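A.B. asks: Sequence and predicted structure are below.
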Amino acid sequence: MCSREIWLDCLKGIAIILVVLGHVLDGSSGNNLFPNDTWIKSLHTAIYIFHMPLFFCLSGMSLSIMKRKMGGYRDKVYNILYLYVIWSWIGYSCKQLFSNYVTVVYEKSFWEYLIFEPVGPYWYLIVLFYYYLFMSKVDFDIEEDSGYKRNILCIVFFCILSGILPIFFDGNSSGKWWFVYKLIYHIPFFLLGILIEQHVKIILGYLKNSKILFIIISVSFLILGVFFHNIFVYPFVKFTIGIFIIITFVLVANSYNSLANNKLLDYLGKNCLYVYLVHNYCTVLFRVIYRKMHYDISAEVYILLNLCITLAICCCIKITTNKVAMLDLLFHPVKYFKNKNLIG
């Protein structure tokens, strides 16, 4: 059994909170709930610079740990693919049934969206699936620092590719090119996670005296992004800022015990799959109830309540899943199929 990396789980906890917060802000600004609170859009812009790149970096680190300590990850790959199909169907069906309450209405068939235009937030799963397949064909497990330079060159190549190719795609558009953009843009972050995990002592050794500098640079970048949104039309600029912020998160999480041992972040990180799969429905439901009930509360209170209630519901679902084996079909399909002797 693979032992948990506590500081990595805490980072995942931070990342999933940012994902939920990003969608809460997105729903607030997209539905014009608080038109006078311009800070919502600014905070939304800042979070979207790095929150998914951070998740892909952490996924790369987790994959490296799995492969090194467990020797393989076939079941993980199958599980991701099953989850993508199951939850895409659920998302597609819900948007069709409740089209009056959603901002994006699907007009094509489910299979067209499944293959070419990932449904809702589940594009992350299919992109991660392709990355896992890619890594199963590439030997990236290099002992100590013997392959350090080769790994760096590989990541630099993908960084350049990610900075150049998305220029030909509109990252804010929909359709198959939007999916291609996501697939290309995030692979350097995934590979960076593998590199950090495999050479963590070397990398952190080089950077341990630069924590404060990285924090200052990252905060400066975020402030710059909040006040000058237009700089993010250049993918390479956005990409560079994301790299700095991610390295800062890793340095801080690996250096400060109070953060690395936070029980709430650790719990959310270990169970981030449940939060990721379910949170979108909770944030939308909260928004619908808020509009129906005509509550008059400030934007700050709305966002905080939506965030906390969503996380609480997701944790309750996780606890329920432990007691109801049938729910494994929704959250751990490979485990469910194996228990039913449907797959070997």
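C.D. replies: Cool, got the structure.
A.B. asks: for the stretch 51-200 of the chain, which spans come out with low pLDDT?
C.D. replies: Scanning the stretch 51-200 of the chain for pLDDT under 70 picks out 70-72, 99-105, 137-152, 155, 162-176.
A.B. asks: Repeat the analysis, applying 80 as the threshold.
C.D. replies: Applying pLDDT under 80 to the stretch 51-200 of the chain picks out residues 67-74, 95-108, 116-117, 119-120, 136-178, 180-181, 198-200.
A.B. asks: show me where it has helices.
C.D. replies: Secondary structure of the stretch 51-200 of the chain (DSSP state H, counting those that start in this stretch): helices located at 51-70, 74-97, 110-116, 123-136, 148-164, 176-198, 200-207.
A.B. asks: Just want the angle from the longest one to helix 51-70.
C.D. replies: When you say that, I think you mean helix 74-97. 150 degrees (axes from the mean of the first three to the mean of the last three Cα atoms, to 10 degrees).
A.B. asks: How many residues are close by residue 312?
C.D. replies: Residue 312 has 11 neighbours, counted by other Cβ atoms under 10 Å. For the C-beta atoms, the positions are set from N, CA and C on the backbone; glycine is no exception.
A.B. asks: Same question for the one 3 residues further on.
C.D. replies: A count of nearby residues for residue 315, using other Cβ under 10 Å, gives 17.
A.B. asks: which residues does it contact?
C.D. replies: The contact partners of residue 315, by Cβ atoms under 8 Å, 6 or more residues apart in numbering, come to 267, 268, 271, 274, 275.
A.B. asks: Now for the third one: which residues touch it?
C.D. replies: By Cβ under 8 Å, 6+ apart, the contact set of residue 271 is 314, 315, 318.
A.B. asks: Could you list the buried residues of the stretch of helix or strand the last one belongs to?
C.D. replies: With elements taken from DSSP states H and E, the one containing residue 318 is helix 299-323. In terms of neighbour count (16 or more other Cβ atoms under 10 Å), helix 299-323 has its buried residues at 299, 302-303, 306-307, 310-311, 313-315, 317-318, 321.
A.B. asks: Relative to the whole chain's centre, how far out is it?
C.D. replies: Distance of helix 299-323 from its chain centroid, counting by Cα atoms, centre = their mean, to the nearest Å, is 17 Å.
A.B. asks: Let me know the secondary structure of residue 341.
C.D. replies: Put simply, residue 341 is coil when judged by DSSP: H, G, I helix; E, B strand; the rest coil.
A.B. asks: What about it, how many residues nearby?
C.D. replies: That count, for residue 341 with other Cβ under 10 Å as the rule, works out to 7.
A.B. asks: right, and residue 330 touches residue 86 too?
C.D. replies: Yes: using Cβ atoms under 8 Å, residue 330 is in contact with residue 86, at 6.5 Å.
A.B. asks: From residue 241, how far off is residue 220?
C.D. replies: According to Cβ to Cβ, to the nearest Å, residue 220 and residue 241 sit 10 Å apart.
A.B. asks: quick revisit: using JSON lines, please lay out the contacts of residue 271 together with distance to residue 47.
C.D. replies: Output for the contacts of residue 271, formatted as JSON lines (distance: Cβ to Cβ, whole Å):
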{"residue": "314", "distance to residue 47": "18"}
{"residue": "315", "distance to residue 47": "21"}
{"residue": "318", "distance to residue 47": "24"}
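A.B. asks: Reformat the helices of the stretch 51-200 of the chain into CSV and put mean neighbour count next to each item.
C.D. replies: What follows is the helices of the stretch 51-200 of the chain, written out as CSV (neighbours: other Cβ atoms under 10 Å):
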stretch, mean neighbour count
helix 51-70, 21
helix 74-97, 18
helix 110-116, 14
helix 123-136, 19
helix 148-164, 15
helix 176-198, 22
helix 200-207, 14
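A.B. asks: Next, format those helices as JSON lines and append distance to residue 5.
C.D. replies: Formatted as JSON lines, these follow (distance: least, Cβ to Cβ, whole Å):
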{"stretch": "helix 51-70", "distance to residue 5": "6"}
{"stretch": "helix 74-97", "distance to residue 5": "16"}
{"stretch": "helix 110-116", "distance to residue 5": "33"}
{"stretch": "helix 123-136", "distance to residue 5": "18"}
{"stretch": "helix 148-164", "distance to residue 5": "20"}
{"stretch": "helix 176-198", "distance to residue 5": "9"}
{"stretch": "helix 200-207", "distance to residue 5": "10"}
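A.B. asks: so which of those helices comes closest to residue 287?
C.D. replies: Among those, helix 74-97 comes nearest to residue 287, with 14.0 Å by Cβ to Cβ.
A.B. asks: what helices or strands is that closest one leaning on?
C.D. replies: When contacts are defined as 3 or more Cβ pairs under 8 Å, 6 or more residues apart in numbering; DSSP states H and E, helix 74-97 packs onto helix 110-116, helix 123-136, helix 272-293, helix 328-331, helix 333-339.
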